[in-house]
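S.K.: coords below, sequence missing:
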């Protein structure tokens, strides 16, 4: 006897042993017979069979037998004819029927006319031309004889207890009826049979004793000493345990919390802003001209309720207007157009979180170290890398002596804490100068990928806010970072309720929680 067979026998449950013994005595024994002979219930028999099958000891065969009979509608059609037959009977006499008269002429329910017309065309019994139904040559031929599906209806009517099989000449008609609703009742009867496999035959040759085995002890057995005489079922410490899927944070929330912790550890404070903002804070405060393409309705969500927002301090508004029009005292010539308060009052779903930075600069005195993490909205077309709603991170530092070197140093430290090697290249943004884009290196792809933008705030942004100190700002999209972190090719995966992916995705730096 091999060690494998010996081990398998020792691990067999008493129900599995009983089932095997019954199959040895009667290989064709049904689950009901085994249950009757052993005193087990059917559920226990099938559970034991499934366990034996998983160990390649027996094979379980499942057979499903279907019995077909007519529903109440089916019986009605068998007795009085299918809707298309009723129309054909009228057409055989009149040759044509106006569509508007169809239900009355054929004596069918108006709800059935669409179905009837569909089957008339499918059977090629009639054709429709300019609102008139005309009989075809095939329809004339079938006017006085039954179709194959109608013969099946007659057959089922004659066998009211149900039919399990159809002869070959009725099979085509049966298939047609199964494609129609509310005509056939289908009763399913499932049966199981078992077959002993070679491993099971070897186990039976070796033999085993059917004896109750203890799997747990009671207080009384320990107290009375009965535990000494019990036979214990072996416990396999190597057996696979069920996988437990503990609750955990959504992958996006993990990254958001990680970024928040990095900022807080770097001495930043948090500001959240509002999802609904005025065009003034979202665009104008960032020195973005009012005829800029990003303000078009194709790119921005404008609200009907509220239609407008209040503007801030009048001095700020006037200085912003002058900066747009002629540069005011910033050294710039501005955009050379007539700035409009009405446009600045428009309500928008914020298109970025940078407006939080300008409002924070206006409401707080330097030195300032602020960050924000929030949802933003743009009129994007859904595809594998674009969504109309996503998350953006914003960082802002404002103080005396802040320079472009401080910006690069801050970015290096921030991305280092995220686990990336970074490099910088020149870029253009309407509200910063100098400006740069941050690229991170992905070892698995051996390439650099752009992840965020940054720059020194322009005087045209700072002066209207009353800020006379330099300020640096930077930001990145969280979804882009998540796609890199979790190796996701389609951004939509981050918002799908794909339970398999959510269970398997690592949560913190590749380590599952």
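M.R.: Nice, thanks for sending it over. Here the structure is a predicted model, which means the values were calculated and not measured.
S.K.: can you pull out the helices in the stretch 251-400 of the chain?
M.R.: For the stretch 251-400 of the chain, the helices defined by DSSP state H, counting those that start in this stretch occupy 251-265, 279-282, 314-326, 341-345, 354-363.
S.K.: for these, which one sits closest to residue 68?
M.R.: Minimum separation from residue 68 across these (CB to CB) falls at helix 251-265, 50.0 Å. In this view, the C-beta of every residue, glycine as well, is placed from N, C-alpha and C.
S.K.: ok so, going back, which of the helices of the stretch 251-400 of the chain has the highest mean neighbour count?
M.R.: Most buried of those, by mean neighbour count (mean count of other CB atoms under 10 Å): helix 279-282, with a mean of 26.
S.K.: which outside residues touch that one?
M.R.: For helix 279-282, the surrounding residues in contact (CB atoms under 8 Å, 6 or more residues apart in numbering) are 295, 309, 311-312, 317, 320, 343-348, 350-352, 355, 358-359.
S.K.: For it, the averaged confidence score.
M.R.: Throughout helix 279-282, pLDDT has a mean value of 95.
S.K.: now that helix: how far from the chain's centre is it?
M.R.: Remark: helix 279-282 is offset 35 Å from the chain centroid, using CA atoms, centre = their mean, to the nearest Å.
S.K.: what does stretch 264-278 give?
M.R.: Stretch 264-278 sits 30 Å away from the centroid of its parent chain (CA atoms, centre = their mean).
S.K.: thinking again about what came up before, so which of the helices of the stretch 251-400 of the chain is nearest residue 440?
M.R.: In terms of CB to CB, the element of the helices of the stretch 251-400 of the chain nearest to residue 440 is helix 251-265, at 14.1 Å.
S.K.: What separation is there between residue 94 and residue 103?
M.R.: Taking CB to CB, to the nearest Å as the measure, residue 94 falls 15 Å from residue 103.
S.K.: So which of these two has more stuff around it?
M.R.: Set residue 94 next to residue 103 and count neighbours by other CB atoms under 10 Å: residue 103 wins out with 18 against 12.
S.K.: Skipping its backbone neighbours, what lies nearest that one in space?
M.R.: residue 110 (4.7 Å; CB to CB, 6 or more residues apart in numbering).
S.K.: again, but for residue 459
M.R.: residue 330 (4.2 Å).
S.K.: if I pick that neighbour, what's in contact with it?
M.R.: Residues near residue 330 by CB under 8 Å, 6+ apart: 323, 458, 459, 460, 463.
S.K.: can I get those residues in CSV with secondary structure, pLDDT and distance to residue 151?
M.R.: Listed next are these as CSV, based on DSSP: H, G, I helix; E, B strand; the rest coil; pLDDT from 0 to 100; distance: CB to CB, whole Å:
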residue, secondary structure, pLDDT, distance to residue 151
323, helix, 95, 88
458, coil, 94, 85
459, helix, 95, 91
460, helix, 95, 86
463, helix, 95, 91
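S.K.: before we move on, back to that, pretty sure the residue nearest to residue 103 contacts residue 100?
M.R.: No: between residue 110 and residue 100 there is no contact under CB atoms under 8 Å: 10.9 Å.
S.K.: Tell me which other helices or strands the lowest-mean-pLDDT helix or strand in the chain touches.
M.R.: Least confident helix or strand of the chain, by mean pLDDT, DSSP states H and E, is helix 102-106 with a mean of 79. Applying 3 or more CB pairs under 8 Å, 6 or more residues apart in numbering; DSSP states H and E, one finds that helix 102-106 contacts helix 83-94, helix 110-122.
S.K.: Could you say which of those helices is packed most deeply?
M.R.: Per-stretch averages of neighbours, counted by mean count of other CB under 10 Å, single out helix 83-94 among the helices and strands packed on helix 102-106, with a mean of 20.
S.K.: Tell me which other helices or strands that helix touches.
M.R.: Using 3+ CB pairs under 8 Å, 6+ apart, helix 83-94 is in contact with strand 96-98, helix 102-106, helix 110-122, strand 126-129, strand 132-135, helix 137-142.
S.K.: Report whether residue 452 is found in a helix, as I expect.
M.R.: No: the assignment for residue 452, made by DSSP: H, G, I helix; E, B strand; the rest coil, is strand rather than a helix.
S.K.: can you give me the strands for this structure?
M.R.: 58-70, 96-98, 126-129, 132-135, 184-196, 269-270, 276-278, 347-349, 368-377, 389-398, 422-426, 432-442, 447-457, 471-477 (DSSP state E).
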